[in-house]
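**Student:** Fold the following.
(one chain, ligands or ions: 1)
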Amino acid sequence: MSATDDILAAAFRCLEAEPSLRGLGLAVSGGGDSMALLHAMAGPARERGIAIRVATVDHGLRDGARAEAERVARDCAALGLPHEILDWTGWEGRGNLQDAARQARRALLAEWAGRHGLEAVALGHTLDDQAETVLMRLARGSGVDGLSAMSALRREDGIAWLRPFLGLRRETLRAWLSERNLGWDEDPSNADPRFQRVRARTALQELAPLGIAAQGLADTAQRMTMAREALEALAADLSGRALRLRAGAVEIDAALLARAPEETRLRLVSAAIGWIAGRAYRPRLASLQAGLQGAGQGRWRSLSGVMLAERGGRLWLCREPGRAGGPVAADALWDGRWRLDPPPAEAEAGGLRLGALGAAGLAGLPGWRDTGLPRQALLASPALWRDDALLAAPCVDPAGPFAARIVAEFPYPTLPH
Ligand SMILES: Nc1ncnc2c1ncn2[C@@H]1O[C@H](COP(=O)(O)OP(=O)(O)OP(=O)(O)O)[C@@H](O)[C@H]1O
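**Tutor:** Predicted coordinates for the structure are as follows:
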């Protein structure tokens, strides 16, 4: 097969994975990979009756970025495709710039797709990106999850993110563009050795004599994806036998947990932490191991915004009260997970706040012991307040005036209440 066949076959395959697709967004930076995406997807999408829109994010970080975005706009105009430049103005100068830029780009693209009713957005990642990621993750000592492959289709934020070119080489795409006299802009940061990805790219060439090459690393990533699926199935099985959700806390049968292989155990506890504290706060492996060992001694330990302790043959995980955030308006989401259900009527909502029960709230509820929940778990459970007066504590008194609902879904099956 020629490069053109491969590229067009990849474009069609990607559209076939989403048969009901009507509106597709293309994320085009102006670099070689995404310019190939633009030119390769336009025809097949048109053939399938799919409307295409294109967006370029201007991070405002480099002179020349605007001109590159405008070049994409011109190419889109020539193809008859609507194009938009999305501006990122949010850099606060803290943390890792590339990570912040990537996250902001995702958010801007998701917002743009939502605004135009696009069900999917395609990205131009290639096999080379995959291989470089594996090399960088090896440097960090990553496990199965970190070494797993980017997926050709991933649903997140209500959008299907498509990566049609994961099986293709960067040089193939660029040669294809050159043959057609189609241009692209070379982002100068792609040659800046201050970036680890650029160093990984150079290192890959140096590793060739050892037989370490992009294809092999990408194959490893595929194998790791299969391994991850198997491990996820084990964690889901353990969860269904050993784990119960209680008032936003997690209760796990400690004996069953102890008998599970360490990888399964850590995976389950890490998922519980992610569920309680938000996915962004997953702990690192060493802290997780240390936290679990400490919790086994019966004292409450704090880890990634979550308290954990083993009590009476159960491992308990619950929100660390100080990390749950202050109270919010009663119709808002509190601590990323809790909502009143149904929301309060307008007449009663004035001055009403949803927040942690806390020690002050719990002191007025002597019946809390009847719930069978540890005090620690109830401290960070939701309560309804008007000024300083406690109106309801739905986890202590489910028959009371307000019910609270957890909106975040636990990733695995659980035992019934
Ligand atoms: N500024 C941007 N605006 C729109 N989409 C972008 C932008 N930067 C990256 N993308 C999308 O994310 C994909 C991966 O980006 P990344 O910077 O990791 O890759 P790249 O290999 O440099 O790609 P390209 O050659 O297309 O810039 C791109 O192919 C493109 O689809």
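**Student:** Excluding chain neighbours, give the residue nearest to R267 in space.
**Tutor:** Nearest residue to R267 in three dimensions, chain neighbours excluded: A235, at 4.3 Å (C-beta to C-beta, 6 or more residues apart in numbering). Glycine gets a C-beta too; all of them are placed from N, C-alpha and C.
**Student:** shouldn't the one you found be in contact with P261?
**Tutor:** No - with contact defined as C-beta atoms under 8 Å, A235 does not reach P261; the gap is 10.2 Å.
**Student:** These two: which has the busier surroundings?
**Tutor:** Comparing A235 with P261 by neighbour count (other C-beta atoms under 10 Å), the higher total belongs to A235, at 23 against 11.
**Student:** just for the stretch 1-150 of the chain, where's the confidence low?
**Tutor:** Low-confidence segments of the stretch 1-150 of the chain (pLDDT under 70): 1, 93.
**Student:** Report the distance from stretch 185-196 to the chain centre.
**Tutor:** 25 Å (C-alpha atoms, centre = their mean, to the nearest Å).
**Student:** First-to-last residue distance for it?
**Tutor:** With C-alpha to C-alpha, to the nearest Å as the measure, the ends of stretch 185-196 fall 21 Å from one another.
**Student:** Residue numbering should commence at 862 henceforth.
**Tutor:** Sounds good: first residue 862 from here, last item stretch 1046-1057.
**Student:** what residues does it touch?
**Tutor:** 890-893, 923, 925, 929, 932, 959, 997, 1000, 1059-1060, 1063 (C-beta atoms under 8 Å, 6 or more residues apart in numbering).
**Student:** repeat for stretch 988-996
**Tutor:** 894, 1008, 1010-1011, 1026-1031, 1058, 1061-1062, 1064-1065, 1074-1076, 1078-1079, 1081-1082.
**Student:** what about it, distance to the chain center?
**Tutor:** 19 Å.
**Student:** again with stretch 934-948
**Tutor:** For stretch 934-948 - counting by C-alpha atoms, centre = their mean - the centre lies 28 Å from the chain centre.
**Student:** Mind listing the strands the strand ranked longest in the chain pairs with, and their directions?
**Tutor:** In the chain, taking DSSP state E as the definition, the longest strand is strand 912-919. Counting by DSSP bridges, the strands paired with strand 912-919 are strand 884-888 (parallel), strand 944-948 (parallel).
**Student:** ok, then the element right after it?
**Tutor:** helix 926-940 (DSSP states H and E).
**Student:** Could you point out the helix or strand that follows the longest helix anywhere in the chain?
**Tutor:** For the chain, the helix with the greatest residue count under DSSP state H is helix 1075-1103. Counting by DSSP H and E, the next helix or strand C-terminal to helix 1075-1103 is strand 1104-1107.
**Student:** tell me which residues in that following strand are buried?
**Tutor:** L1104, L1106, R1107 (16 or more other C-beta atoms under 10 Å).
**Student:** possible to save these as a markdown table with distance to T917?
**Tutor:** Shown next, in a markdown table, are those (distance: C-beta to C-beta, whole Å):
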| residue | distance to T917 |
| --- | --- |
| L1104 | 45 |
| L1106 | 43 |
| R1107 | 48 |
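**Student:** closest to A968 among the residues you listed?
**Tutor:** L1106 (29.2 Å; C-beta to C-beta).
**Student:** Tell me how many other residues crowd the nearest residue to the closest one once chain neighbours are set aside.
**Tutor:** In space, and not counting its chain neighbours, L1106 is closest to T1275: 5.5 Å by C-beta to C-beta, 6+ apart. As a burial measure, T1275 scores 18 neighbours (other C-beta under 10 Å).
**Student:** so T1275 sits in a helix?
**Tutor:** No - with DSSP: H, G, I helix; E, B strand; the rest coil as the criterion, T1275 is coil rather than part of a helix.
**Student:** Now for it: which residues touch it?
**Tutor:** S1100, G1101, L1104, R1105, L1106.
**Student:** coming back round to it: out of the buried residues of strand 1104-1107, which is nearest to R967?
**Tutor:** L1106 (29.2 Å).
**Student:** Domains in this protein, by residue range?
**Tutor:** Split into domains by automatic domain parsing, the chain comes to 864-1081, 1104-1182, 1187-1267.
**Student:** now those in a markdown table, with distance to the ligand?
**Tutor:** A markdown table is the format used below for the domains of the chain (distance: least, C-beta to the nearest ligand atom, whole Å):
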| stretch | distance to the ligand |
| --- | --- |
| domain 864-1081 | 2 |
| domain 1104-1182 | 20 |
| domain 1187-1267 | 27 |
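**Student:** Now tabulate the ones you listed in a markdown table and tack on distance to A1091.
**Tutor:** A markdown table is the format used below for these (distance: least, C-beta to C-beta, whole Å):
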| stretch | distance to A1091 |
| --- | --- |
| domain 864-1081 | 9 |
| domain 1104-1182 | 10 |
| domain 1187-1267 | 29 |
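**Student:** Now do the strands in the stretch 1012-1161 of the chain.
**Tutor:** Per DSSP state E, counting those that start in this stretch, the stretch 1012-1161 of the chain carries strands over the ranges 1014-1017, 1020-1023, 1104-1107, 1110-1114.
**Student:** If you count contacts, what does the last one end up packed against?
**Tutor:** Of the remaining helices and strands, those touching strand 1110-1114 by 3 or more C-beta pairs under 8 Å, 6 or more residues apart in numbering; DSSP states H and E are helix 1075-1103, strand 1104-1107, helix 1123-1138, strand 1175-1180.
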